Every structure is written in C-alpha cells, then in structure tokens.
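Student: build me a structure from this.
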Amino acid sequence: MPPVVSRVVRTAINGAADLFAVTAGRVLEADRLPPTDHRPWPVPAEPWIMAQTWEGLAFLHWPVPRAALQALLPGTLTVDTFHGSAWLGITPLRVSGLRLRGLPAMPGVSTFPEINVRTYVTVEDRPGVVFFSLDAGSALAVATARLWFLLPYFRAECSAVGHDRRVHVESRRPPPVSPPAELAVDYRPSGGLMRAAPGSLEWWLTERYCLYAYDDDGTIYRAEVHHRPWPLQPAQVEMRHNTMARPLGLHLPEMPLLAHFAARLDVRIWAPRPCQPGARAA
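Tutor: Just a heads-up that it's a prediction; the model follows:
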C-alpha cells in the first residue's frame, strides 16, 4: 500500500477507534486502570482503546554494540544505552483477551503466541520500546498491527505451551514469509517475585510505558501503554535454536546474558500518535 494511502487509512482507523472509545466504549466500560503512581509520566488524557493480557513471558536480553543496532533504525531514532551498553531483547509470550474497549474478546482471534525482537529508545523524554520484528500465530493480528500500529509483524507457525511452570516455545516463519527466522526455547521461573529497583538495569529494560514505530519517511509514532509494575522473576532458560536476530545481521551468543520471567500482566493500550516533527532521542 502506498505510504500516503496507508497514512489516510491509519488516520481513519484512529478516528473511528477514538470515537467509539469516547462514546460507546466509555458507556460499556469504565477506565478500570491500575494505579499510576509508578509511571515516569501521566497516562494520556484520552481514553485507552485496546486491552490485552501478556502471559508466560520471558525477557531474554543480550548486550549488542550500539552501532550495530543504530544502523538498523532511521535517523529520527537513537538507541538508548545503559552505562554505555545497548541491548537487544527477544521476548516470547502468549497474548490473550485482546479486545477493543467496551467489546468482548473474540474467540479464535484474541489469543495467540508471539515473539518480539526489540531494543530501546527515548523520544521527547519518554523511554520506550522499538521493535525490529514481531512474529505471531494470528494472521488477523499481523495484518491489523502492520496497518494500524506500523509494527513489523510476521506470520509464523508459533506455539507456546506451559506445563508445570515451564513454557515451551517454538516459532518458525513458513515459506514464502521472508526473511526466515526461528526460535525454540524452554524457560521457567527460578526464583521469587521481584520489583525492579528504579535505576537498575532490570528497571531500565522493562519499565517502559510506550512503544515506537516509524513510517517510510521516518515519521515517529508513539503508542502509550499502561500496566502495573512488572512482576519479574529470574528465569532458567534452555535455548535449543535461535535465529531471530539473523535477519538483522546479528549473531547472538547461544544464551542470553539476562533472563527474566513474568507470569501475567494486564495491559491497556492507546492509539498511535505522531510525535512532533523533528522529535529525537533525549
């Protein structure tokens, strides 16, 4: 779809979603937001438009040379570093209960496994996540997120099965989906719950309340998210196969340097909005 047409369609979708959220959505469902005192900035004044739950999630993180990640992003985004190190994350999870505000989750399309590959940026003093890829087992989620949120989703043969606190994930992009990428990993929590301390690396990697995407012309879009602080646990990982970073020209060590587990987190998401022209990382 040509960029101009895509932008018009995305603007129309945003307008329809906003109108529904402030009318029928608010009538059918109150805000029901969890506490906000832990956030680095206030939640948006306009109503959220989407709810979903993230289950059986693993944060798998590798330090990567900053220049290697920066080369993958447009000039309007600058990779964040923690004490001089940039980080790449691979995050398998199960999305459930995906729905628009005021509407019930649709059976068969609201629950699916997902693997995202991500790094971290800050725009207009708001730290967030930028995705290099998101692989999902839902064709509808892939098509909608690509068009509406400008996220680089890929259709994948993906499964995430949990048993006795262990999660078994397998994902593969079937031909002709390109570029190919695969993940096979088992993980489980290996310690008690922890809340990341502000200023720690764990906090820097996880407590980010927006995601960023960009158009072909480099325009940056921000989608705000809200949830409780991450209920993190240390994770034990058995990595059996991982080529998720290979399409980026990156070859990761077999095991992540950091691994955390989160059993469940309920999330609210706002519609993507363009950042101010010329907005760059702080």
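
Student: thought residue 145 was touching residue 134?
Tutor: Yes - if you go by C-beta atoms under 8 Å, residue 145 and residue 134 touch, sitting 7.1 Å apart. Every residue, glycine included, has its C-beta placed from N, CA and C.

Student: next, show the common contact partners of those two.
Tutor: Contact with both residue 145 and residue 134 is made by residues 151, 153, according to C-beta atoms under 8 Å, 6 or more residues apart in numbering.

Student: the protein: strands as residue ranges?
Tutor: With DSSP state E as the criterion, the chain has strands at 50-64, 86-100, 112-123, 126-136, 153-155, 157-163, 166-172, 182-189, 210-214, 220-226, 232-242, 258-269, 273-274.

Student: residue 199: which of those strands is closest?
Tutor: Between residue 199 and these, the tightest spacing by C-beta to C-beta is seen for strand 126-136, at 12.5 Å.

Student: helices or strands next to the closest one in the packing?
Tutor: strand 112-123, helix 139-148, strand 153-155, strand 210-214 (3 or more C-beta pairs under 8 Å, 6 or more residues apart in numbering; DSSP states H and E).

Student: what lines up beside it in the sheet?
Tutor: Its sheet considered, strand 126-136 pairs with strand 112-123 (antiparallel), strand 153-155 (parallel), strand 210-214 (parallel) by DSSP bridges.

Student: and of these, who's closest to residue 243?
Tutor: Using C-beta to C-beta, the strands paired with strand 126-136 put strand 112-123 closest to residue 243, at 10.8 Å.

Student: show me where pLDDT drops low in the chain?
Tutor: Where the chain drops to pLDDT under 70, the residues are 1-9, 14, 17, 21, 24-25, 27, 277-282.
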